[in-house]
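[1] whatever this is, show me its structure:
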Amino acid sequence: MKYVILIGDGMADYPIPELDNRTPLTAARTPNMDFLATEGELGLARTVPEGMEPGSDVANLSIMGYDPARYHTGRAPLEAASMGVALEMQDVAFRCNLVTLRHEPNGDIFMEDYSAGHISSAEAKEIIISINQNLGNGSRRFYPGVSYRHLLVWRDGQDDWRTFPPHDLTGQNVRSYLTGGGREKPLLELMRSSWPLLANHEVNRRRRERSQKPATSIWLWGQGRAPKTPTLQELYGLTGAVISAVDLMRGIGIYAGLTPVIVPGATGYLDTNYAGKVEAALEALKTMDFVYLHVEAPDEAGHTGELKNKLQAIEDFDQKVVGPMLRGLRLLGAHRILLMPDHRTPLCLKTHSPEPVPFVLYDSRKPRGNHPRGFDEPTAEATGLLVDRAHLLLPRLVER
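    Numbering: from 1, shown residues only. Next up is the predicted model:
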């Protein structure tokens, strides 16, 4: 038996007036996800426990089978694992975004872009190396990651400092987040110290010449210490792989004992290498029991509030991932699939929200096919099935 989890990050949404009050999942053409909804068990799952932030770290820990209330320590330690950065007991890891801030003459500061225009990994590496040379020291080191997503390990940092995800602040005045004092003063001073270093950086000069957004600041958030989790092999006897363009997902997989598979051309955006991800997943399943395949593109479109791109990302996920995976799995024999978004990323909010999301659990040996239905939020809600703790879905998937 082969087990597969397919995640369309942030696909779920709210009804949208431009779509006649349908959600993007309802409006998009998704014949392969609709097939799974017709033939499988459809319902809603709560991936974000009450009182926790609706981040991808919390939601994907849930889907991977770990109760976030027990195992979540922060986002950055998971990304550190993917980057091969070992954390000592006294280390605190921070997510380090490269962002574009807009400074107004009156002193206001706006979050113009949480991703610095989706800066390339090569450009970002140049910047992070410069940041580390100037702001790193014996207790603080910066590590380059993918696109705008990087890492700071700070031995003197505090895991209980109050920090804020930059994608939650798009278009907002963030002056108050950057000019305060108190306990977070060392953190804020470090972020502000990056401004003069980046103002005339060669990478930013080239980006401005190409009318691209410059990386004007680092933004530190998502901190925590190394978590302690049992592996899926210890829990369920599973061997497997995790396939994603982002360090966070690979890091969760590493803590779960999965093998991270790096796919060339996987970007985390609309131009990602869908075919390469599918090929890697099917190849892994020849020798392993389980694959966790994650696609970031719908979430990125949600954060930028672009309806056209979100519809495209959902349709691409269906046509370029779900469809080819179904065809490939049929050749491998009996299989079970869990398909879902990790959380909602409503276009009207441009950030995550904590409501339950649709899921479908499909068993190739037991097709249902009672009546055609779509994979979307209202149809899932109409089934009346709510899994209130999403970390219980994985045991259901692997029949434990």
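[2] use CA for all of it now, contacts and neighbours both
    Will do.
[3] in three-state terms, label the nearest residue to residue 213 once chain neighbours are set aside for me.
    Distances taken as C-alpha to C-alpha, 6 or more residues apart in numbering place residue 117 nearest to residue 213, at 5.2 Å, with adjacent residues excluded. Under the three-state scheme (DSSP: H, G, I helix; E, B strand; the rest coil), residue 117 adopts coil.
[4] tell me the contacts of residue 117?
    100, 212, 213, 214 (C-alpha atoms under 8 Å, 6 or more residues apart in numbering).
[5] distance of the nearest residue to the second one once chain neighbours are set aside from residue 123?
    What that stands for is residue 212. If the residues on either side of it in the chain are set aside, residue 212 comes closest to residue 117, at 6.6 Å by C-alpha to C-alpha, 6+ apart. Going from residue 117 to residue 123 by C-alpha to C-alpha, to the nearest Å gives 12 Å.
[6] and this protein, what are its domains?
    Listed by automatic domain parsing, the domain ranges of the chain are 2-72+228-397, 92-224.
[7] quick check: mean pLDDT across the first one?
    Rounded to a whole number, the mean pLDDT of domain 2-72+228-397 is 96.
[8] what about stretch 187-197, distance to the chain center?
    Stretch 187-197 sits 26 Å away from the centroid of its parent chain (C-alpha atoms, centre = their mean, to the nearest Å).
[9] name the residues of that stretch that come out as buried.
    Using 16 or more other C-alpha atoms under 10 Å as the test for burial, stretch 187-197 gives 187, 188, 191, 192, 193, 194, 197.
[10] same question for stretch 371-379.
    Buried-residue list, stretch 371-379, by 16+ other C-alpha under 10 Å: 373, 374, 375, 376, 377, 378, 379.
[11] quick one on the thing from earlier: whichever of the contacts of residue 117 end up buried, select them in PyMOL.
    Typed into PyMOL, the line below selects the buried ones among the contacts of residue 117, using 16+ other C-alpha under 10 Å:
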select buried, resi 100+213+214
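[12] okay if I get the contacts of residue 117 as CSV plus secondary structure, pLDDT and distance to residue 26?
    CSV is the format used below for the contacts of residue 117 (DSSP: H, G, I helix; E, B strand; the rest coil; pLDDT from 0 to 100; distance: C-alpha to C-alpha, whole Å):
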residue, secondary structure, pLDDT, distance to residue 26
100, strand, 98, 34
212, coil, 98, 34
213, coil, 98, 33
214, coil, 98, 36
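[13] tell me which two of the contacts of residue 117 sit farthest apart.
    Pairwise distances across those (C-alpha to C-alpha) peak at 10.5 Å, for the pair 100 and 212.
[14] tell me which of the domains of the chain sits nearest to residue 85.
    Relative to residue 85, the nearest member of these by C-alpha to C-alpha is domain 92-224, separated by 8.6 Å.
[15] first vs last residue of the closest one, how far apart are they?
    End-to-end distance (C-alpha to C-alpha), domain 92-224: 5 Å.
[16] likewise for stretch 152-165?
    For stretch 152-165, the end-to-end distance is 15 Å (C-alpha to C-alpha).
[17] would you turn the domains of the chain into a markdown table with distance to residue 84?
    Below are those laid out as a markdown table (distance: least, C-alpha to C-alpha, whole Å):
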| stretch | distance to residue 84 |
| --- | --- |
| domain 2-72+228-397 | 9 |
| domain 92-224 | 10 |
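[18] now the contacts of residue 117 in JSON lines, with distance to residue 349?
    Formatted as JSON lines, those follow (distance: C-alpha to C-alpha, whole Å):
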{"residue": "100", "distance to residue 349": "19"}
{"residue": "212", "distance to residue 349": "24"}
{"residue": "213", "distance to residue 349": "22"}
{"residue": "214", "distance to residue 349": "24"}
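[19] next up, identify which helix or strand the nearest residue to residue 370 once chain neighbours are set aside is on.
    Closest residue in space to residue 370, ignoring its immediate chain neighbours: residue 38 at 7.0 Å, by C-alpha to C-alpha, 6+ apart. Residue 38 is located in helix 31-39, with elements delineated by DSSP states H and E.
[20] residue 44 now?
    Counting by DSSP H and E, the element that carries residue 44 is strand 41-45.
[21] quick one: that strand to chain centroid distance?
    How far strand 41-45 lies from its chain's middle: 21 Å, per C-alpha atoms, centre = their mean.
[22] so where do the helices sit in the stretch 301-400 of the chain?
    Using DSSP state H, counting those that start in this stretch, the helices assigned to the stretch 301-400 of the chain run over residues 307-317, 323-332, 377-382, 393-397.
[23] backbone torsions only: list them for the most centrally placed residue in the chain.
    The residue lying closest to the centre of the chain (C-alpha atoms, centre = their mean) is residue 56, at 4.7 Å. Torsion angles at residue 56 (phi, psi; degrees, to the nearest 10) stand at phi -60, psi -30.
[24] before we move on, what about residue 2?
    According to degrees, to the nearest 10, residue 2 has phi -110, psi 140.
[25] just to revisit the earlier point, among the helices of the stretch 301-400 of the chain, which is nearest residue 219?
    Using C-alpha to C-alpha, the nearest of the helices of the stretch 301-400 of the chain to residue 219 is helix 307-317, at 25.5 Å.
[26] list the buried residues in the closest one.
    307, 309, 310, 311, 312, 313, 314, 315, 316, 317.
[27] looking at the helices of the stretch 301-400 of the chain, which is closest to residue 104?
    Minimum separation from residue 104 across those (C-alpha to C-alpha) falls at helix 307-317, 29.0 Å.
[28] adding distance to residue 17, write the helices of the stretch 301-400 of the chain out as a markdown table.
    Formatted as a markdown table, these follow (distance: least, C-alpha to C-alpha, whole Å):
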| stretch | distance to residue 17 |
| --- | --- |
| helix 307-317 | 11 |
| helix 323-332 | 29 |
| helix 377-382 | 16 |
| helix 393-397 | 33 |
